[in-house]
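Peer 1: need coordinates for the following:
(one chain, ligands or ions: 1)
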Amino acid sequence: MGKRFTKYLDYIKQCLITFIYDDEHRCVLCGNEIDDKNLCLPCMKKLKRNNENPIWYKNKFYIFSALYYTSEAKELLLNFKYKKNFQCGEVIASLMIECIKENNIEFDYIIPAPIKADSYKTRGFNQSLMLSKTIGAHFDRKVLDVLFFNKNIRNQKTLNKYDREKNIKGSISIKSTNINLENSKILIIDDVITTGSTLNECVSIVKGDKNILIKVLTGMKSSI
Ligand SMILES: [Zn+2]
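Peer 2: Numbers count the residues shown, from 1 in each chain. Alright, predicted model coming up:
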């Protein structure tokens with residue numbers, strides 16, 4: 001191997017070490033140096049754990065959420081979703097894992113909430129699928145990415161609760177799978193819940209007329 005090439009490899013190695021070191025040892029919220037993990041203790045303490053689990057939604061299903069949507073939680077989520085900071089996603093997933101353990105949530109499969117085609121185009125990934133994969137790997141459960149939007153809908157953010165429900169109705173479909181979901185326990189996962197209309201539609205579509213026990217878990221809860 002030529003001397004210059006070896007030097008070049010050393011340079012690449014150094015870059016990688018610096019990159020990994022920086023990546024692993026800084027708090028994702030305040031940027032302070034830390035020993036391990038992704039969040040420093042003071043920032044971890046600022047995140048407000050949800051102590052109202054679960055919500056019994058519309059007499060249909062239970063919703064669990066790991067955190068309240070405080071400014072710190074919002075920063076984590078926005079960094080994850082819009083700045084592709086996947087360490088922030090890891091922090092959210094780890095708090096969701098804690099929430100599952102604390103509430104003894106049992107499930108056989110995970111189904112992530114779908115993302116609209118135009119959001120996927122600009123973002124490049126489905127944040128709910130990513131959270132689902134981390135959680136699924138932790139509990140050794142399969143993630144079934146089967147829900148999808150079958151049409152373009154108006155942005156839910158601009159609508160009130162009533163219009164959100166009307167807007168979302170009939171817009172989500174389920175892909176067929178060779179896994180028989182009859183008599184199974186399913187955990188539907190989303191990053192954040194606001195009015196619950198999207199998750200309500202997801203639950204209806206997954207359940208259909210089958211005997212399935214569905215629970216919902218979100219990283220954060222906003223106004224619900
Ligand atoms: Zn911090």
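Peer 1: isn't there a strand covering residue 220?
Peer 2: Yes: per DSSP: H, G, I helix; E, B strand; the rest coil, residue 220 lies within a strand segment.
Peer 1: is it in a bridge, and if so with what?
Peer 2: When assigned by DSSP bridges, residue 220 has beta-bridge partners residue 67, residue 192.
Peer 1: count of neighbours near it?
Peer 2: Look at residue 220: counted by other C-beta atoms under 10 Å, it has 25 neighbours. From N, CA and C alone the C-beta is placed, and that goes for glycine too.
Peer 1: that one and residue 64 touch, don't they?
Peer 2: No: assessed by C-beta atoms under 8 Å, residue 220 is found out of contact with residue 64, at 11.3 Å.
Peer 1: and residue 129, how many neighbours?
Peer 2: Counted with other C-beta under 10 Å, the neighbours of residue 129 add up to 19.
Peer 1: please disregard the earlier target; I meant residue 203.
Peer 2: Applying the criterion other C-beta under 10 Å, we find 22 residues in the vicinity of residue 203.
Peer 1: next one, pLDDT for residue 12 please.
Peer 2: In this model, residue 12 is scored at 67, pLDDT.
Peer 1: oh, I was asking about residue 46
Peer 2: According to the model's per-residue confidence, residue 46 sits at a pLDDT of 93.
Peer 1: kindly report the same for residue 1.
Peer 2: The model reports residue 1 with a pLDDT of 53.
Peer 1: mind listing the helices for the protein?
Peer 2: The residue ranges that make up the helices of the chain, judged by DSSP state H, are 3-24, 41-46, 71-82, 86-102, 117-123, 127-139, 161-168, 197-207.
Peer 1: what parts of this protein come near the ion?
Peer 2: Where proximity means C-beta under 5 Å from the ion, the interface of the chain facing the ion comprises 27, 29-30, 40, 43.
Peer 1: got the domain ranges for the protein?
Peer 2: Using automatic domain parsing, the domains assigned to the chain come out as 1-45, 47-221.
Peer 1: neighbours around the closest residue to residue 38 other than its chain neighbours, how many?
Peer 2: The spatially closest residue to residue 38, leaving aside those adjacent along the chain, is residue 87, at 4.5 Å (C-beta to C-beta, 6 or more residues apart in numbering). Look at residue 87: counted by other C-beta under 10 Å, it has 18 neighbours.
Peer 1: same question for the one 10 residues further on.
Peer 2: Residue 97 sits with 18 neighbouring residues when counted by other C-beta under 10 Å.
Peer 1: pLDDT wise, what is it at?
Peer 2: Confidence per residue is given as pLDDT, and for residue 97 that number is 98.
Peer 1: how about the contacts made by it?
Peer 2: The contact partners of residue 97, taken as C-beta atoms under 8 Å, 6 or more residues apart in numbering, are 134-135, 138-139.
Peer 1: how much space separates it from residue 193?
Peer 2: From residue 97 over to residue 193 the distance is 18 Å, taken as C-beta to C-beta, to the nearest Å.
Peer 1: send the alpha carbons of stretch 72-87 over as PDB?
Peer 2: Extracted C-alpha coordinates of stretch 72-87, given in PDB (Å, rounded to 0.1, in the frame of the first residue of the first chain):
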ATOM      1  CA  GLU A  72     -37.900  20.300  25.700                       C
ATOM      2  CA  ALA A  73     -39.900  17.400  24.400                       C
ATOM      3  CA  LYS A  74     -40.900  19.400  21.300                       C
ATOM      4  CA  GLU A  75     -37.200  20.300  20.700                       C
ATOM      5  CA  LEU A  76     -36.300  16.600  20.800                       C
ATOM      6  CA  LEU A  77     -39.100  15.700  18.400                       C
ATOM      7  CA  LEU A  78     -38.400  18.500  15.900                       C
ATOM      8  CA  ASN A  79     -34.700  17.700  15.900                       C
ATOM      9  CA  PHE A  80     -35.500  14.100  15.200                       C
ATOM     10  CA  LYS A  81     -38.200  14.800  12.500                       C
ATOM     11  CA  TYR A  82     -36.900  17.800  10.700                       C
ATOM     12  CA  LYS A  83     -33.100  17.800  11.300                       C
ATOM     13  CA  LYS A  84     -32.700  14.000  11.100                       C
ATOM     14  CA  ASN A  85     -31.100  13.900  14.500                       C
ATOM     15  CA  PHE A  86     -31.600  10.200  15.100                       C
ATOM     16  CA  GLN A  87     -30.100  10.300  18.600                       C
END
